[in-house]
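Novice: build me a model from this:
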Amino acid sequence: SDIFMPNMGGFELCAKVRKIYPNIPFVILTVHDDAKNLRQAFSVGAVDYINKLFTKTDIIMRISNVLRIQNTKKSLTGKVDRVKINQAELEKHNIELRSIQSEYTKLHDSLKKTKDNLFIFKNLLDNLNDSIVVIDAKNSKFLEVNHQMSLSLGYSQKELLTMKVVDIDLVISDTFSWNT
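Specialist: Here you go, the predicted model:
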C-alpha cells in the first residue's frame, strides 16, 4: 500500500487490514522515506517499508523475506502450541504423581506402624511364660509360636513355622491333664 491514496490512506488501510487479518503481513510502498512515516507505518502494523525507488530485485527480495518471516512465525506458533499442550499434559501427570506419592507415603507409614505393632506383638509373645500358638484355620499351619510353646512341643520356633498341626508328633502321657 502507498501512504497517500484516494479515499483512504495507506496507514489507515494497514490498521484496518491488521484488525481483520492480524496474520497477514502488510508492506508499505511509498516515495516518502522520512523517519516520521517509517515510525507510523510500523506502529499501525506494517512488517516492512519500501521506498518506491526500488528495483525489481529489491521488491522480490523484500517480499520473499517478509514471506519467509511469516512462515517461520507460523512454524514457531505451532511449536509453541505443542509445547503448551505438552506442558499441560506434564502438569496433569505431575498432579497424578503427587497424588500417588501421597498415597504411597500413607501406605508406607501404615505399613511401618503395622510392622512396629507386629514386632511388639512377637516380643510380647516370646516373653510370656504361657505357651501360645497362632494357627491358620484354613490350612492348620502355624503362623506364630512363642518360645515357651516351642519348648513344650520339642521343636524350634523356626521349625514349627514351616509345619502344620498334624505334623507334630506329640505323645500325651497318661499323667497329662487339662487344668480347668
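
Novice: strands along the chain, start to end?
Specialist: 27-30, 48-51, 133-135, 142-145 (DSSP state E).

Novice: now the ones you listed as TSV including distance to Ile3?
Specialist: From N, CA and C alone the C-beta is placed, and that goes for glycine too. Formatted as TSV, the strands of the chain follow (distance: least, CB to CB, whole Å):
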stretch	distance to Ile3
strand 27-30	4
strand 48-51	10
strand 133-135	98
strand 142-145	95
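
Novice: now do the same end-to-end measure for stretch 139-151.
Specialist: End-to-end distance of stretch 139-151 (CA to CA, to the nearest Å): 23 Å.

Novice: hmm, back to that, and of the strands of the chain, who's closest to Asn123?
Specialist: Across the strands of the chain, Asn123 has its closest neighbour in strand 142-145 (11.7 Å, CB to CB).

Novice: give the buried residues for the closest one.
Specialist: Using 16 or more other CB atoms under 10 Å as the test for burial, strand 142-145 gives 142, 144-145.

Novice: nearest to Arg18, of those?
Specialist: Glu144 (82.5 Å).

Novice: so the closest one sits against Lys122, correct?
Specialist: Yes. Applying CB atoms under 8 Å, one finds Glu144 in contact with Lys122, separated by 7.0 Å.

Novice: what about Pro6, distance to Lys164?
Specialist: Pro6 sits 108 Å away from Lys164, taking CB to CB, to the nearest Å as the criterion.

Novice: the more surrounded of those two?
Specialist: The neighbour comparison of Pro6 against Lys164 (other CB atoms under 10 Å) goes to Lys164, with 13 against 5.

Novice: beta partners for that one?
Specialist: Beta-bridge pairing for Lys164 (DSSP bridges): Lys141.

Novice: repeat that for Val134.
Specialist: Beta bridges link Val134 to Glu144 when assigned by DSSP bridges.

Novice: quick check: the nearest residue to Met5 once chain neighbours are set aside vs Ile20, distance?
Specialist: Nearest-residue entry for Met5: Leu13, 7.3 Å, with adjacent residues in sequence omitted and distances by CB to CB, 6 or more residues apart in numbering. Going from Leu13 to Ile20 by CB to CB gives 11 Å.

Novice: more neighbours: the two, which one.
Specialist: More crowded of Leu13 and Ile20, by other CB under 10 Å: Leu13, with 18 against 7.

Novice: circling back: Serialize the buried residues of strand 142-145 to a markdown table and add fields for pLDDT.
Specialist: Output for the buried residues of strand 142-145, formatted as a markdown table (pLDDT from 0 to 100):
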| residue | pLDDT |
| --- | --- |
| Phe142 | 94 |
| Glu144 | 91 |
| Val145 | 91 |
